[in-house]
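Participant: This is a predicted model, with the sequence first.
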Amino acid sequence: MLDNAAPSLHSRAVRVRSRVVVFVGAVLMAGCGLSTGGLETSDDGGASLNDATVDGPAADDGSADGGGDGATSGDATVDAAPDAASHDAASDAHDASPVEAGPDGGCGGTTTSCGTGGSCVNCTNAAQGTACVAGKCGCAGPADCATSAQGKKCVGGQCGCGGPADCPVGQACSNGVCGTTCGAGADCNGGCCNGTTCVAGGDNAACGNDGKACKGCGTGMFAGSPTCASGSCTNACGSGGDGTCGTGFCCNGGSCATVGNSACGPSGGTCTNCSTSTSGHVCQANGTCGCNMSSDCPSGMACNGGTCTTSCSGTVHCNGGCCDGNTCVSTCAQSNAGTQCLSIPQTCGCASPNDCQQSSYGHACLLNATCGCFGPNDCPMGSSCNNFRCSP
């Protein structure tokens, strides 16, 4: 019995080996897309892929060891081969297909790759925001607007502003976007609004630091404060960089002062203290010291045409002293008109001949209250009386 079994085992081993060879060949050709119809019969008599051995149960040699079952097991092994080959071919076909575009058209949907239809942009420095929102540069929160020129506030997915604090220094929030345009309720963030433009606010002509309308130092209500310092108009004047005092003010020792008697000068000019001026103690409309009457002049001077001088007359009186002829004097003791200072018209003269004893005009007190002569006896020795006045 063992002798009969040996040939049977050998025959079955040959068939199994043949089927293994056919299986490996089928797998290789399926991977290469080749037909299995042209496979030749193996050298050891194995069937081709078209052989019934591959497609169906193998014909048993009639041995008594259950070889038929073995053939069936072999068939199962071979039948699985086409399925494996088919799976590998399908995998290869899938790997070779084009990459499917993402929802944003191929862009990454990130800060550095944002867009649609393959038009990708970098949102790192985008004014709309540094985030990629729905395929566009924008914002999801304030953090995405920290460096945006449009504003630090995220409004509707775009960077913008709700007020000056959301904008860079020197800009205003106008129509929800930051810019240098200001006015009409749009205040600047720092500095001031010069007409319709935000400026630093350190200029004398455009001064301010509250973001509102600039102040014109030295003009209007700030006429006495011509110099801008830290956003405020100050009264400093006379030094480099200082403004010029405005209308009604002059520079008095480094500070603008209201034009008046103690600080007199043309608007914007240098002040003079009229209280010590020999021209007069009153500041005139032209910004010079002068007088309106004799009392506006220093003692011993008279007011002539708005200016104090020593000239006087019967109608132009001296401030103190007396008018001797046409000159103001402090006393009439040496006056030829008389040693008395007459209250009317405040000139030197005489009330009696006693006031004329030292006068070269004559020793008589004439009717006009001045010393003179009526004849030679009223004159000093060696003089004669001519027209009521003694002469050599």
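Facilitator: Received it, and whenever you're ready, just let me know what you need. Residues are numbered from 1 along each chain as shown.

Participant: So residue 259 sits against residue 283, correct?
Facilitator: Yes - with contacts defined as Cβ atoms under 8 Å, residue 259 counts as touching residue 283 at a distance of 6.3 Å. The way it works is simple: take the backbone N, C-alpha and C, and place the C-beta from them, glycine included.

Participant: Show the model's pLDDT score for residue 235.
Facilitator: Predicted confidence (pLDDT) for residue 235: 98.

Participant: give the contact list for it.
Facilitator: Residues in contact with residue 235, defined by Cβ atoms under 8 Å, 6 or more residues apart in numbering, are 224-227, 245, 255-256.

Participant: Most neighbours out of these, which is it?
Facilitator: Per-residue neighbour counts (other Cβ atoms under 10 Å) across the contacts of residue 235 peak at residue 245, which has 32 neighbours.

Participant: With secondary structure and pLDDT added, can I get the contacts of residue 235 in CSV?
Facilitator: Output for those, formatted as CSV (DSSP: H, G, I helix; E, B strand; the rest coil; pLDDT from 0 to 100):
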residue, secondary structure, pLDDT
224, coil, 97
225, coil, 98
226, coil, 98
227, strand, 98
245, coil, 98
255, strand, 98
256, strand, 98
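
Participant: any residues touching stretch 186-200, and which ones?
Facilitator: For stretch 186-200, contacts defined as Cβ under 8 Å, 6+ apart pick out 164-165, 167-174, 180-183, 201, 206-215, 231.

Participant: Now list the buried members of those residues.
Facilitator: With neighbours counted by 16 or more other Cβ atoms under 10 Å, those contain buried members at 164, 167-168, 170-174, 180-183, 201, 206-211, 213-215, 231.

Participant: what does the domain assignment say about this structure?
Facilitator: The chain breaks down into these domains under automatic domain parsing: 46-58+71-86, 114-207, 220-290, 331-391.

Participant: Of the ones you listed, give the one that comes closest to residue 308.
Facilitator: domain 220-290 (4.8 Å; Cβ to Cβ).

Participant: to the chain's geometric centre, what's the distance from that closest one?
Facilitator: 33 Å (Cα atoms, centre = their mean, to the nearest Å).

Participant: repeat for stretch 215-230
Facilitator: Centre-to-centre, stretch 215-230 and its host chain are 20 Å apart (Cα atoms, centre = their mean).

Participant: Could you give the bridge partners of residue 183?
Facilitator: residue 186 (DSSP bridges).

Participant: contacting residues around it?
Facilitator: Contacts of residue 183 (Cβ under 8 Å, 6+ apart): 193, 195-196, 213.

Participant: any chance you could map the strands in the stretch 151-300 of the chain?
Facilitator: Taking DSSP state E, counting those that start in this stretch as the criterion, the stretch 151-300 of the chain contains strands spanning 153-155, 158-160, 172-174, 177-179, 192-194, 197-199, 202-203, 206-207, 227-229, 232-234, 249-252, 255-258, 282-283, 289-290.

Participant: want to try JSON lines for those, with distance to residue 264 as columns?
Facilitator: As requested, these are exported to JSON lines (distance: least, Cβ to Cβ, whole Å):
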{"stretch": "strand 153-155", "distance to residue 264": "57"}
{"stretch": "strand 158-160", "distance to residue 264": "57"}
{"stretch": "strand 172-174", "distance to residue 264": "44"}
{"stretch": "strand 177-179", "distance to residue 264": "49"}
{"stretch": "strand 192-194", "distance to residue 264": "34"}
{"stretch": "strand 197-199", "distance to residue 264": "36"}
{"stretch": "strand 202-203", "distance to residue 264": "30"}
{"stretch": "strand 206-207", "distance to residue 264": "28"}
{"stretch": "strand 227-229", "distance to residue 264": "22"}
{"stretch": "strand 232-234", "distance to residue 264": "22"}
{"stretch": "strand 249-252", "distance to residue 264": "7"}
{"stretch": "strand 255-258", "distance to residue 264": "10"}
{"stretch": "strand 282-283", "distance to residue 264": "3"}
{"stretch": "strand 289-290", "distance to residue 264": "5"}
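
Participant: Nearest residue to residue 218 in space, ignoring adjacent ones along the chain?
Facilitator: residue 226 (3.1 Å; Cβ to Cβ, 6 or more residues apart in numbering).

Participant: Helices of the stretch 251-392 of the chain, start to end?
Facilitator: Assigned by DSSP state H, counting those that start in this stretch, the stretch 251-392 of the chain shows no helices.

Participant: so the residue nearest to residue 218 touches residue 237, yeah?
Facilitator: Yes - applying Cβ under 8 Å, one finds residue 226 in contact with residue 237, separated by 6.0 Å.

Participant: can you list the weak-confidence ranges in this protein?
Facilitator: Within the chain, the ranges that satisfy pLDDT under 70 run 1-105.

Participant: Need the residue closest to the centroid of it.
Facilitator: With distances taken as Cα atoms, centre = their mean, residue 170 lies nearest the centre of the chain, 2.0 Å away.

Participant: Please tell me how far that residue sits from residue 380.
Facilitator: Distance of residue 170 to residue 380, computed by Cβ to Cβ, to the nearest Å: 92 Å.

Participant: Also residue 318?
Facilitator: Distance, residue 318 to residue 380, using Cβ to Cβ: 29 Å.

Participant: ditto for residue 325
Facilitator: 20 Å.

Participant: Please apply the same query to residue 149.
Facilitator: Using Cβ to Cβ, we find residue 149 at a distance of 104 Å from residue 380.

Participant: before we move on, what about residue 283?
Facilitator: Distance from residue 283 to residue 380, by Cβ to Cβ: 50 Å.

Participant: who's more crowded, those two?
Facilitator: Neighbours per residue (other Cβ under 10 Å) separate residue 283 from residue 380, with residue 283 holding more: 23 against 13.

Participant: Name the nearest residue to that one, sequence neighbours excluded.
Facilitator: residue 264 (3.4 Å).

Participant: Contacts only, for that neighbour.
Facilitator: Contacts of residue 264 were listed using Cβ under 8 Å, 6+ apart, and they are 250, 271-274, 283-284, 287-289.
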